[in-house]
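Q: turn this into a model:
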Amino acid sequence: MTMTQAPTENAPYTGADALCDTLLAGGVEVCFANPGTSEMHFVAALDRRPRMRCILGLFEGVVTGAADGYARMTDKPAVTLLHCGPGLANGLANLHNARRARSPIVNVVGDHATHHRAYDAPLTSDVEGLARPMSHWVRSTASAATVAQDAAEAIRTARTAPGKIATLILPADAAWSETSPGLPPLPAPPPAEVSAAMVADAAAAIRSGRRTVLLLTGRALRAPALATAERIGRATGVRLLAQQSNGRIERGAGRVAVERVPYPLDGAIATFRDVEQVILVGAAAPVAFFAYPGRPSSPLPDGCRVLTLAEPEDDLPGALDALADALGVGSGGQPLIQRLDRPAMIDGALTPDSIAAAVGALMPEGAILCDEALTSGRRLFELTRGAPPHDVLALTGGSIGIGLPLATGAAVACPDRKVIALQADGSGMYTAQALWTQAREGLDVVTIVFANRSYAILRNEYRSVGAGEPGRNADRLFDLVDPVIDWTGLARSMGVEAARAEDAGTFADRLSAAFRRKGPFLIEAVM
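A: Alright, predicted model coming up:
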């Protein structure tokens, strides 16, 4: 494949052109951006290439979170465009979540021209140092001549299973200097085949008859792989679980139902109380989200054996197939799948349960649930189990402010599917600017704001760590009143239609109407 410049009369071919052409040749066709002066030549090159869809985010956390949502639904990277070190720093929290979700992303971070760095201009910073903790690969390109090679390696890294974060730092002079078209993208290696020894060990452990959990994540939570896991579980008595936080789960009617490890430590301990061994399929061994005085860091009982069937970079569906073969579990017969079983609506007061029940009762087939409901969403998984087939994208790294950007990226990736953002009000304020992007792009997102007007999770954690009951100072750090946030007014100011609901019946009516229409809509659910 040969890269060619978009036809522009008398225009020189620059490093920025080489970067754009390499991205497009590598299948990167969406750019989530918040650019500045150092990136203007890259913006000009994007302007010459209408194949690249450019989407503006008004805050860098929206840009990186949207790239995460896009990657989770397409299994391929978008590119982010960020302005120097501080712009990257603004996006790091959601890059942390993306890294934990194992989402492929290519970041392009502009920087001062190389000759300008010595003058210590105000935006000068250690961009590589900022990028490294949230990236698997970091490089500051040396010149226009190396841009294409560096970009190709960034794409290859991002596409390496199970998905990685690659950050390319682009000095302004590397963008504006002339170069020659050339190098095609480097192919990404396929997922690694699972070790035969690990398959044999896992099969032997299951045959031992010990009480066993098969702990799944990543592509082991897609429908075909879950069907294989279910056959293994039904034939051997092994129990299936998803790890606590997962980038994407395919679930609902017609698919194998799988539960998650609970977030509360007591629930996780109870889940594993009688378990004698855990076999990891791309997953990490379960751990408490935080340390609590006098409580264990691991919910696993003493003596519980932990084995690895497959590492995250392995072919997880292939690993399950290999395990099924090793156990003599045939491919015949239908897996035990979830039947369509919508929950009953709950009348009366508007509560987290009545909201979740309405979502489960009314959501359309093929919906994408982006879940950052936090404490208000504890029963959401249960009450949507029997809904029509859908995907759930969760908060993976614990860094709040992902929900609205995640939904934005998912809607860009899947314009024909209804996206439902389940958003706690406190964390929603971190990246509320995503609503503006949804309006500008006409994205089909229904946002439900769980307006309990507090950081309710912090009240719970305050007690859980043994700090007692919150007093006046602590209360003022946990509540979101005085003044109350007007989510409907906020949404409308950004071009998103919005309505408020204060009882279950009104909420159900609003939600049903929102599901019947196209485009962004927000419901403030006041609890």
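
Q: tell me where the stretch 101-250 of the chain has strands.
A: 105-111, 137-140, 165-171, 212-216, 239-242, 249-251 (DSSP state E, counting those that start in this stretch).

Q: show residues contacting the fifth one.
A: So the one you mean is strand 239-242. With contact meaning C-beta atoms under 8 Å, 6 or more residues apart in numbering, strand 239-242 is reached by 211-217, 221, 226, 229-230, 233, 249, 256, 258-261, 271, 275, 283. Backbone N, C-alpha and C define where each C-beta goes, glycine included.

Q: on that earlier part again, mean pLDDT added to the strands of the stretch 101-250 of the chain, as TSV?
A: As requested, the strands of the stretch 101-250 of the chain are exported to TSV (pLDDT from 0 to 100):
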stretch	mean pLDDT
strand 105-111	98
strand 137-140	98
strand 165-171	98
strand 212-216	98
strand 239-242	98
strand 249-251	98
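
Q: Met363: which of these is closest?
A: Counting by C-beta to C-beta, Met363 lies closest to strand 249-251 out of the strands of the stretch 101-250 of the chain; the figure is 11.9 Å.

Q: show me what the closest one is packed against.
A: Packing contacts for strand 249-251, counted by 3 or more C-beta pairs under 8 Å, 6 or more residues apart in numbering; DSSP states H and E, involve strand 390-394.

Q: please repeat the previous calculation with a cut-off of 10 Å.
A: Applying 3 or more C-beta pairs under 10 Å, 6 or more residues apart in numbering; DSSP states H and E, one finds that strand 249-251 contacts helix 223-236, strand 390-394.

Q: which of these is buried the deepest?
A: strand 390-394 (a mean of 25; mean count of other C-beta atoms under 10 Å).

Q: and it, what does it pack against?
A: Applying 3+ C-beta pairs under 10 Å, 6+ apart, one finds that strand 390-394 contacts helix 60-74, helix 84-101, strand 249-251, strand 368-372, helix 380-383, helix 403-413, strand 419-424.

Q: in TSV: those, plus distance to Ala504 and mean neighbour count.
A: Shown next, in TSV, are these (distance: least, C-beta to C-beta, whole Å; neighbours: other C-beta atoms under 10 Å):
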stretch	distance to Ala504	mean neighbour count
helix 60-74	29	30
helix 84-101	31	24
strand 249-251	24	22
strand 368-372	19	26
helix 380-383	13	20
helix 403-413	22	31
strand 419-424	16	28
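
Q: quick one: those as TSV, columns for distance to Leu23 too.
A: Listed next are those as TSV, based on distance: least, C-beta to C-beta, whole Å:
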stretch	distance to Leu23
helix 60-74	13
helix 84-101	18
strand 249-251	29
strand 368-372	25
helix 380-383	37
helix 403-413	16
strand 419-424	25
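
Q: how about Gly247, nearest residue that isn't a chain neighbour?
A: Distance criterion C-beta to C-beta, 6 or more residues apart in numbering; nearest residue to Gly247, sequence neighbours excluded, is Ala101 at 3.5 Å.

Q: so how far is Lys164 from that neighbour?
A: The gap separating Ala101 from Lys164 is 11 Å, by C-beta to C-beta, to the nearest Å.

Q: dump the strands of the stretch 101-250 of the chain to a markdown table, plus distance to Pro352.
A: Shown next, in a markdown table, are the strands of the stretch 101-250 of the chain (distance: least, C-beta to C-beta, whole Å):
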| stretch | distance to Pro352 |
| --- | --- |
| strand 105-111 | 32 |
| strand 137-140 | 40 |
| strand 165-171 | 33 |
| strand 212-216 | 26 |
| strand 239-242 | 21 |
| strand 249-251 | 20 |
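
Q: between these, which gets nearest to Arg459?
A: strand 239-242 (27.2 Å).

Q: each with direction, which strands does the helix or strand containing Ile523 pair with?
A: Using DSSP states H and E, Ile523 maps to strand 521-526. Strand 521-526 has the following strand partners under DSSP bridges: strand 445-451 (parallel), strand 497-501 (parallel).

Q: immediately after the longest one, which helix or strand?
A: Next helix or strand after strand 445-451 toward the C-terminus (DSSP H and E): helix 456-464.

Q: swap in the shortest one?
A: With elements assigned by DSSP H and E, the helix or strand that comes after strand 497-501 is helix 504-516.

Q: domain ranges for this protein?
A: As given by automatic domain parsing, the domain ranges for the chain are 15-176, 196-326, 352-526.

Q: what's the end-to-end length of the shortest one?
A: I take that to be domain 196-326. When the termini of domain 196-326 are compared using C-alpha to C-alpha, to the nearest Å, they are 10 Å apart.

Q: show me the shaky parts of the stretch 201-350 of the chain.
A: For the stretch 201-350 of the chain, the stretches flagged by pLDDT under 70 are 332.

Q: try 90 this time
A: Low-confidence segments of the stretch 201-350 of the chain, defined by pLDDT under 90, are located at 330-336.

Q: single out the most deeply packed of the domains of the chain.
A: domain 15-176 (a mean of 22).

Q: need the distance between the two termini of it.
A: End to end - C-alpha to C-alpha - domain 15-176 spans 6 Å.

Q: follow-up on the earlier one: for the helices and strands packed on strand 249-251, which one sits closest to Ala44?
A: Ala44 sits nearest to strand 390-394 of all the helices and strands packed on strand 249-251, at 33.9 Å, using C-beta to C-beta.

Q: for the record, mean pLDDT for the closest one?
A: Per-residue pLDDT values over strand 390-394 give a mean of 98.

Q: between the domains of the chain, which gets nearest to Pro335?
A: For the domains of the chain, proximity to Pro335 was assessed by C-beta to C-beta; domain 196-326 is nearest, at 4.2 Å.

Q: how far is that closest one from where the chain is centred?
A: 20 Å (C-alpha atoms, centre = their mean, to the nearest Å).

Q: cool, stretch 127-134 as well?
A: Once both centres are worked out by C-alpha atoms, centre = their mean, stretch 127-134 turns out to sit 20 Å from its chain's centre.

Q: just stretch 464-473 next, same as before
A: Taking C-alpha atoms, centre = their mean, one finds the center of stretch 464-473 at 32 Å from the center of the full chain.

Q: give me the residues contacting it.
A: 264-266, 290-295, 458-459, 461-463, 474-479 (C-beta atoms under 10 Å, 6 or more residues apart in numbering).

Q: end to end, how far does that stretch reach?
A: 18 Å.

Q: same question, stretch 236-250
A: In stretch 236-250, first residue to last residue: 23 Å (C-alpha to C-alpha).

Q: same question for stretch 231-248.
A: 21 Å.

Q: if we can go back for a sec, which residues touch the residue nearest to Gly247?
A: So Ala101 contacts 68-69, 71-72, 94, 162-163, 217-218, 245-248, 393-397, 402, 406 (C-beta under 10 Å, 6+ apart).

Q: just Leu186 next, same as before
A: Contacts for Leu186 (C-beta under 10 Å, 6+ apart) come out as Thr22, Gly26, Gln149, Ala151, Ala152, Glu153, Ala154, Ile155, Arg156, Thr157, Arg159.
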